[in-house]
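> show me how the following folds:
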Amino acid sequence: MEPSVPMGKHHGGSHREYMAEKKRKLQIQYERTASVAQTEGNEIFRGVSVHVNGYTEPSWEEIKHIMAVHGGRFENYYSRERVTHIVCTHLPESKIIQILNERKPAPMVVKPEWITESLKQGKKLPEVEFGLPRLQLQPGQTTLDGFRRPTPNDEKRPKMDSGKAVAAKTSGVDESLNEALRVAEEARSSCAVLGGRPRSASHDPNFMDTYFKASRLHFIGTWKERIENLMIKVSQEQVVPPIRQDGHFTRAIMHVDMDCFFASVAMLKNPHARGKPLVVCHSNSNQGRAEVSSANYEARKFGVRANMFIGEAKRLCPQLIVMPYQFDLYQDVSEAVYLIMFEMFPGRVQPVSCDEAYIDATNLDDPISWASKVRSEIFSRTGCTASAGISCNMLLSKIATGRAKPNGQLFVSFEEGVAFLKSMKVAELPGVGWSTRQKLTAMNIDICADLVEVPKSVLQQEFGQKTGELLFNHCRGIDGRKVETQPVRKSIGAEVNWGVRFNHEAEAIKFMEDLCGEIQKRLRHAKLKGRCVTLKLKRKQQGANEPYKFLGHGKCDNLSKSLTLASCIDDAKELMNSCLSLWQSMRFPANELRGVGISVTRLDNGQGMCASPYKNGSITRYLVEQAEAGALVEGKQPLPGNRDIGGRSSAKENIQLAGKPNQPLKPEQSPGSKDVCRKMCSLGSPETLPPLSQVDKEVLHALPEELKVELERAYQLRMNLQQPRGKPTRKSFPKARKSPRAKPRSPSQTAGLEIPTRAEDCVTFTQVDPAVFAELPKHIQREVKATYTHSRRVIRTRLFERNRDDAVEGVDQGTQRGSPSGSLLAQPWDSFKTELESRCEAIFEHLSEGHVDKYTVHLGIFQQVMFDVCGQLVVGNLETLRLLLRWLLRKTVHDDAWKVAVDQIVRHAQHLVGSSYAGGTLRL
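As a prediction, this is how the structure comes out:
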């Protein structure tokens, strides 16, 4: 007799596996039914996933059919992750308590009438009118329902209509509040981004689009582009009215700030909410962890504040009205406000945010009267109120605005502003973030009166030169900032710090690709390109628990790395390659990622020249051209750009390189060196400046203020670059096989690329013209002296970058020394290996100079050189690439630190091969 088959053999005897298989089969059956049934009806329940608890009318079978026909989902078993609505006629108290205490946003509990009434009206109705009475109570309210048993009469009572249901929820409150709550609920129901439960990046294939449509930070972060477009449009159509220039005081700055902007705009669509507590937030749950974005002043009386969790806010204010985000409306109102200011104050407005701006009111006849006019006009056109502050600088005008809120204005003299500052918290000062605040707290500094007692030298020693001076001045009411009416765009990027959860590396790579695609859209919309890519990552702290906020990033370590490219880019694939290299160098798994940010800086002005700190080198080109023109008039040779740098070509040659970046190379240069020349020739470089002794002081004084500031920065940076460096200290690095040194390059190859190799070749203070140096402002003199003394790290970094690029150039131009034709990278392995060993040996010698951590050095220089080489070899020379990787693995087998670096290079190369050859890999 055969033994009986054990029960549950197909699932290994595990009840858990049995239930999982059962749920899967039921779901497949439902999806088959729904795919056929959906042709019969509309999709009013799209995004709704219901679970029926207990006896209902209609029955659970009928509800299941309704969901299948009208686009919803039906769950036979309750799942907190999948269920959005629980349908029931009543729930036991234990279940109610469990729902109220849910850590994550709990599903809505509704009566079956919600489904039937929605079907009758052909749209999804607000759930608030069909909730269970026990769950409709606001936090803090008491009830006796838990102490009595339900009676049969309870279910026989007639069902209240919609208006009575809302009134029952807010008994004793006027009808306008009921109407305001109803309008808010309708707005939430019609909000597309709130349809369904929020999902993480790994579970939502359209996460990027959904996130940016629903993100207030994205809206705030992209306001600048919208306002810039508006400024251009207005400036083209605007006729500047004459303004009388005999004001009764010389300098006046006006600060205009909208009052609780998002909340004020929300009341435009919900007028019944005026005078009642209102907030703007994604969630309306009593236990929700979504953050309040904006709270009106009525809500603030209850203690409700921005950035507070909505659950806590509703506990403080049970009758709180919660409106969803309405980004299109915010944009319309914001543009209307700025249009008013541009019309009233042409050429005087500096936008700060979508709802805030500074206005230069200097020499206007009556700034206080102008403030009243602009506030009145804003309210007349938009229906939203604004506050204004007027003072002698930007810092005090902002403080005055804070004192004038809400819907007021205030003029503050310098003396009054200083008095206000004494009692103000240091955390409220501009530029004081979390890190600075922590340091100040450790120094027992809480208010500005405490900060005034600290000497400037102590602040600069603790916080650095600039931040220390900023704190020293601001606590005394001193602010030298000027209103910038044409702010320059310095970066374009995007950052996501919510919903970032990955199980596999492929998910993280897909996420970064989508983020790069978003940045590509922004770059091309702004018609800009960038040359420096920065990757910012949030890594979950070791041992950190799940964050209190649902899908928030929680406690993280912030990591950031940048990569400067050879040319400006705006392509998502090129961005992704850079970001992938940066992420691989950070070396941590995808499941620890909690936030990703990518930004592109050193933006291109759209005319083939990358923006530099000197506004595309305008001042440097101007000075060199003037120097050259003067020399030609006198019948002399053009001035050398800077003999102290060594190996420099003439100023004329430098001008040609800067003015014609696409100029063909000389015949003796190999085609492989084109990219190297573009990488090494910096436009508007400080080295093209004439020596200080050759600058005419009268010409210097006659320059516009903007050009003088630019010139001062250029000379300061040149002095940084020309500091003498000490004698190198040797370190032990893995040595390449000895081979003959490469022959020196010809002058045509080294022009503009050489760096000083001896301390006596660098500029010292004895070589600076004291007369010209004395003409510089005192603060510039101090900065130059301090930088000259303390910037060895900058010099070493510049040296390493040049050595790195020099090594790459040597590889690209190696054929000029080894083979008469073709690029070195296209040569067989034997020729390539000889030159590579020589180049690597030179790199190791350069790396041994200075006390720099070995790990940082090989990641910053050696890896980048090899990344560039691999990127060129992967196209058409795979055999050389394979032999190169094997050679590197052998050479670094006995050095753990370098082995880690080479492993990263191998992974990068394999990724390039896989991307270029349909997922293939090299056999090593």
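> only C-alpha atoms from now on, for both contacts and neighbour counts.
Fine.
> flag every buried residue along stretch 345-354.
By 16 or more other CA atoms under 10 Å, the buried positions in stretch 345-354 come out as 345-351, 354.
> could those residues go into a markdown table alongside secondary structure, pLDDT and distance to Lys510?
Compiled in a markdown table, those are given as follows (DSSP: H, G, I helix; E, B strand; the rest coil; pLDDT from 0 to 100; distance: CA to CA, whole Å):
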| residue | secondary structure | pLDDT | distance to Lys510 |
| --- | --- | --- | --- |
| Phe345 | coil | 90 | 47 |
| Pro346 | coil | 87 | 46 |
| Gly347 | coil | 84 | 44 |
| Arg348 | coil | 89 | 45 |
| Val349 | strand | 90 | 41 |
| Gln350 | strand | 90 | 38 |
| Pro351 | strand | 89 | 36 |
| Cys354 | coil | 86 | 32 |
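> helices along the stretch 501-650 of the chain, start to end?
505-525, 572-586, 618-633 (DSSP state H, counting those that start in this stretch).
> these: lowest mean pLDDT?
Sorting the helices of the stretch 501-650 of the chain by mean pLDDT places helix 618-633 lowest, at a mean of 45.
> let me see the domain layout of the protein.
What automatic domain parsing lists as the domains of the chain is 25-137, 216-412, 423-474, 491-603, 663-852.
> select from those the stretch with the lowest mean pLDDT.
Among these, domain 663-852 scores lowest, with a mean of 50.
> which strand in the chain has the most residues?
When the chain is parsed with DSSP state E, its longest strand is strand 556-569.
> tilt between that strand and helix 505-525?
50 degrees (axes from the mean of the first three to the mean of the last three CA atoms, to 10 degrees).
> by contact count, what packs against strand 556-569?
strand 530-540, helix 572-586, helix 674-680 (3 or more CA pairs under 8 Å, 6 or more residues apart in numbering; DSSP states H and E).
> which residue comes closest to Pro107 once chain neighbours are left out?
Nearest non-adjacent residue to Pro107, counting by CA to CA, 6 or more residues apart in numbering: Thr84, 4.6 Å away.
> next, that neighbour: phi, psi?
Main-chain dihedrals, Thr84, degrees, to the nearest 10: phi -100, psi -30.
> quick check: it touching Val50?
Yes - counting by CA atoms under 8 Å, Val50 is a contact partner of Thr84 at 6.1 Å.
> tell me the buried residues in the longest strand of the chain?
Result for strand 556-569 [16+ other CA under 10 Å]: buried residues 556, 562-564, 566-569.
> returning to that earlier point: neighbour count: Thr84 and Val50, which is higher?
Relative neighbour count places Val50 above the other of Thr84 and Val50, with 27 against 23, counting by other CA atoms under 10 Å.
> that one and Val69: what is the separation?
Computed with CA to CA, to the nearest Å, the distance linking Val50 and Val69 is 14 Å.
> ok, now Lys778?
From Lys778 to Val69 the distance is 78 Å (CA to CA).
> who has more neighbours, the two?
Shown here are Lys778 and Val69; by other CA under 10 Å, Val69 has more neighbours (23 against 11).
> distance check, the more buried one against Arg46.
10 Å.
> just checking, Glu43 touches Gly72?
Yes - contact status for Glu43 versus Gly72: in contact at 7.4 Å, counting by CA under 8 Å.
> who's more crowded, those two?
More neighbours surround Gly72 than the other of Glu43 and Gly72, with 20 against 17 (other CA under 10 Å).
> the more buried one: what's it in contact with?
Going by CA atoms under 8 Å, 6 or more residues apart in numbering, Gly72 touches 43-50, 66.
> so which of those wins on neighbours?
For those, neighbours were counted by other CA under 10 Å; the highest total belongs to Val50, with 27 neighbours.
> same for the helix or strand Asp332 falls within, what does it pack against?
According to DSSP states H and E, Asp332 maps onto helix 327-344. Counting contacts by 3+ CA pairs under 8 Å, 6+ apart, helix 327-344 packs against helix 223-237, helix 261-269, helix 367-382.
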